[in-house]
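Colleague: got a predicted structure here, sequence first:
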Amino acid sequence: MKDVYLVTGASSGIGRFLSLELVNSGFTVIALSRDSKHLTSLGGELKKIDSDSIVIACDLSSSSDIIDAGNVILGRSQDLSGIVHNAGVVDPIKPIGKADSNDWNYLIKVNLLGVQEITQKVYPLMIGDKQTRVTTISSGASKYPISSWSAYCVSKAGLDMWTRCLAEEGRSQNISAISVAPGIVDTNMQINIRSSKPEDFPLLPHFVDYHESGQLVKPEVVAKQLLDLVTNHNMEQSGERFDVRDL
């Protein structure tokens, strides 16, 4: 039986290409994302390579979706070789005094609380004789405050610490956990950032320039760079934070 990896935020960007890298490397992939035609098409691509790979529509802001997705995973898998927590949103891009509370709370739910909920749901599949490798996708925003990104910065800082806590707790259970900052990647998130209002986001010109000057890295390139670390990091590396530009 093939090793199984769970990937969230899998319908586009890094998540999509990493799912394809994994399945092409001989792994079975369980790909989670909000329901969309992109998720459906990914399912078709995965099935062509590995008939056991599946996609599951799951909105990480919905606890009921997480429960349903977790039950599907528990019902079809005996263990998990790894999880890649890639799902994330960046909105609201607004100053603290102007950000809508519902939007702020939604981001924290998707980027942080949903990670805890889905991990806890599938935790029985992570405990065993072989190592389960958990990778969270971090950001420079986890270390440096960025004006109008309060929710995103807080969520990524919290995710880094969550990863370290999982690494600490998991040592006796063969669970490792690392975080990786992927750099500035050409994803839908960057489109959302460039679509923000100048009066709400002082750094907007910098992000427009990243795009216009060709500084954005293609997600398929990042996925290839991540593959070895995601699938082969050892217990001694557990708890560490990496930057893809150093790999």
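Modeller: Ah, there it is.

Colleague: give me the low-pLDDT residue ranges for the chain?
Modeller: Low-confidence segments of the chain, defined by pLDDT under 70: none present.

Colleague: in it, which helix is the longest?
Modeller: helix 150-170 (DSSP state H).

Colleague: and for that one, what's in contact with it?
Modeller: Residues outside helix 150-170 that contact it (Cβ atoms under 8 Å, 6 or more residues apart in numbering) are 85, 88, 90, 92, 95-96, 99, 103-104, 107-108, 111-112, 115-116, 119, 126, 132, 134, 136, 138-139, 141-146, 175-179, 238-239, 241. To be clear about C-beta, it is placed using only N, CA and C from the backbone, and glycine gets the same treatment.

Colleague: and these, which are buried?
Modeller: Using 16 or more other Cβ atoms under 10 Å as the burial test, those include 85, 88, 90, 92, 99, 104, 107-108, 111-112, 115-116, 119, 126, 132, 134, 136, 138-139, 141-142, 175-179, 238-239 as buried.

Colleague: just these: which are in strands?
Modeller: If you go by DSSP state E, the buried ones among the contacts of helix 150-170 have 85, 132, 134, 136, 175-179 in strands.

Colleague: please enumerate the helices of this structure.
Modeller: Taking DSSP H as the criterion, the chain carries its helices at 13-24, 37-49, 63-76, 101-108, 114-122, 150-170, 188-194, 204-212, 219-232.

Colleague: got the contact list for the most far-flung residue of the chain relative to its centre?
Modeller: The centre of the chain is farthest from one residue, residue 199, which by Cα atoms, centre = their mean lies 29.4 Å away. By Cβ under 8 Å, 6+ apart, residue 199 lies in contact with nothing.

Colleague: and residue 65, by the same measure?
Modeller: Listed by Cβ under 8 Å, 6+ apart, the contact partners of residue 65 are 57-59.

Colleague: just the buried ones from these, in PyMOL syntax?
Modeller: Entered in PyMOL, the line below selects the buried ones among these, by 16+ other Cβ under 10 Å:
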select buried, resi 57+58+59
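
Colleague: can you get me a residue count around the closest residue to residue 5 other than its chain neighbours?
Modeller: The spatially closest residue to residue 5, leaving aside those adjacent along the chain, is residue 82, at 4.7 Å (Cβ to Cβ, 6 or more residues apart in numbering). Residue 82 has 22 neighbours, counted by other Cβ atoms under 10 Å.

Colleague: any idea what residue 82 is bridged to?
Modeller: Beta-bridge pairing of residue 82, defined through DSSP bridges, involves residue 5, residue 133.

Colleague: I'd say it and residue 231 touch.
Modeller: Yes - contact criterion Cβ atoms under 8 Å: residue 82 and residue 231 qualify, at 6.7 Å.

Colleague: what sits up against stretch 46-60?
Modeller: The contact list for stretch 46-60 (Cβ under 8 Å, 6+ apart) reads 2, 8, 10, 19-20, 23-24, 27-35, 39-40, 42-43, 65-66, 68-69, 72-73, 76, 87, 109-110, 114-115, 117-118.

Colleague: mind listing what's buried in that stretch?
Modeller: For stretch 46-60, by 16+ other Cβ under 10 Å, it's 46, 49-50, 52-60.

Colleague: just stretch 146-164 next, same as before
Modeller: Within stretch 146-164, the residues that count as buried by 16+ other Cβ under 10 Å are 148-160, 162-164.

Colleague: what about that stretch, distance to the chain center?
Modeller: Mean C-alpha position of stretch 146-164 versus that of the full chain (Cα atoms, centre = their mean, to the nearest Å) differs by 13 Å.

Colleague: format the CA atom coordinates belonging to it as CSV.
Modeller: The C-alpha coordinates for stretch 146-164 follow below in CSV (Å, rounded to 0.1, in the frame of the first residue of the first chain):
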residue,chain,number,x,y,z
ILE,A,146,2.9,44.3,7.8
SER,A,147,0.4,47.3,7.8
SER,A,148,-3.1,46.2,6.9
TRP,A,149,-2.3,42.5,7.2
SER,A,150,-3.0,42.1,10.9
ALA,A,151,-5.2,39.0,10.6
TYR,A,152,-2.8,37.3,8.2
CYS,A,153,0.3,38.2,10.2
VAL,A,154,-1.3,36.9,13.4
SER,A,155,-2.5,33.7,11.7
LYS,A,156,0.9,32.9,10.3
ALA,A,157,2.7,33.7,13.6
GLY,A,158,0.2,31.4,15.3
LEU,A,159,0.7,28.7,12.8
ASP,A,160,4.4,28.7,13.3
MET,A,161,4.0,28.3,17.0
TRP,A,162,1.3,25.6,16.5
THR,A,163,3.9,23.7,14.3
ARG,A,164,6.5,24.0,17.0
